[in-house]
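[1] let's see this in three dimensions:
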Amino acid sequence: MEPFNPPFQQVYKKLFDNQLVNDNNYEPYPKSIIEIEEALGDVKENEFELPLIDLSRLNRGGFETERCKREIAEASREWGFFQVVNHGVPHEILEKMRCEQRQAFMKPFHEKVNGHAGLNFPAGSYRWGTPSATCLRQLAWSEAFHVPLTEISTTDGVTGLSMTMKQYATIISNLADKVAEILAEKLGQKPNIFKENCMPSMCYLRMSRYPACPVSPHVFGLMPHTDSDFLTILNQDHIGGLQLLKNGKWIDVKPKREILIVIIGDLFQVWSNDVYKSVVHRVVANKHFERFSTAYFLCPSYETVIESCGESSNYMPFNFREYKQQVQDDVKRFGNKVGLPRFILLPGPK
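    Presented below is the predicted three-dimensional model:
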């Protein structure tokens, strides 16, 4: 039977050889948004519990609805991460997504790379590893399918996955719009701004698989980063491995049944002028078990100008195309994302 795992150790053999030679003098990656993480090492703090918000209260009206909205805004300010329950995605669809994406990743590797896995995904949807990696700590021990919403909506439904993805994407995109509208409302802004700027052609699902990793102490499943969108909604399986950085400590985001995770992205931090926080997070590799997740990314059109919704701003205005290009340039040059620090306005002379 042809192997389905990406050939990490063969393709990145030079990085593994360098690791063996320089194991005691290992220099991971240049300083950027994760320079704090470099100083902290792998210290973890598990006593914190991520905020858990029951979204069914949004339908109750009155005090309950307003309290739920306030909790969403508070979690976005204090954490940049929160969990939601009673989110409207049926249990059956969550289970189908997990089952069918697992089957998709079990296709032979060459079929996934060449787009011949019978999944009806557009060319270039399948990605794995980190082509720009210059050391092991820049290598993502994972594979993923990136599928824009427009491609999901036009699939012919001949496979169970495409049908399930349509159902999942419809519900999860509506949920993302609802959360974004609430966050805009709590800043005193018109709630439909995201529907006007976040087109289905730009928003996408990323189905990820993190294979069991025999060299897990040396690599990440996904290296420390912030998300380059407005917000992300994540569905992870029971294995765990997702961590966020808070108060100088890495915190495990423990998997819970029927729970989705909302993650504030860079664009929301800029638009809110640092009221809502885009938080550094990562996925640690697991030596014994594979992990699956599905993330939805709420993104604007490339021409959308990102600037503070208030009177003043801590950032220079930029459009989404410029931001994405800067991220790509930095990853090629340094091996990792620099992100928002590139666009911070320096204080003028006093």
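[2] what helix or strand does Met97 sit in?
    helix 91-105 (DSSP states H and E).
[3] ugh, wrong one, Phe16
    Assigned by DSSP H and E, Phe16 belongs to helix 13-21.
[4] so for that helix, mean pLDDT?
    For helix 13-21, mean pLDDT rounds to 79.
[5] mind listing what's buried along that helix?
    By 16 or more other Cβ atoms under 10 Å, the buried positions in helix 13-21 come out as Leu15, Phe16, Gln19. From N, CA and C alone the C-beta is placed, and that goes for glycine too.
[6] helix or strand right after the helix or strand bottoming out on mean pLDDT in the chain?
    Ranked by mean pLDDT, DSSP states H and E, the weakest helix or strand in the chain is helix 35-40, scoring a mean of 42. Next helix or strand after helix 35-40 toward the C-terminus (DSSP H and E): strand 52-54.
[7] which parts of this protein are helices?
    Under the criterion DSSP state H, the chain contains helices at 8-11, 13-21, 35-40, 62-78, 91-105, 109-114, 149-154, 160-185, 193-197, 266-271, 320-334.
[8] for Asp237, find the nearest of the ones you listed.
    Closest to Asp237 of these, according to Cβ to Cβ: helix 91-105, at 6.1 Å.
[9] state the mean pLDDT of the closest one.
    93.
[10] give the buried residues for that helix.
    Per 16+ other Cβ under 10 Å, helix 91-105 contains these buried residues: Ile93, Leu94, Lys96, Met97, Arg98, Glu100, Gln101, Ala104, Phe105.
[11] any chance of the residues you listed in a markdown table, with distance to Ser132 too?
    Shown next, in a markdown table, are the buried residues of helix 91-105 (distance: Cβ to Cβ, whole Å):
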| residue | distance to Ser132 |
| --- | --- |
| Ile93 | 35 |
| Leu94 | 33 |
| Lys96 | 35 |
| Met97 | 30 |
| Arg98 | 30 |
| Glu100 | 31 |
| Gln101 | 26 |
| Ala104 | 25 |
| Phe105 | 23 |
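[12] need the max-distance pair from those residues.
    Ile93 and Phe105 (18.5 Å).
[13] ok, Val305 to Ser313 distance?
    12 Å (Cβ to Cβ, to the nearest Å).
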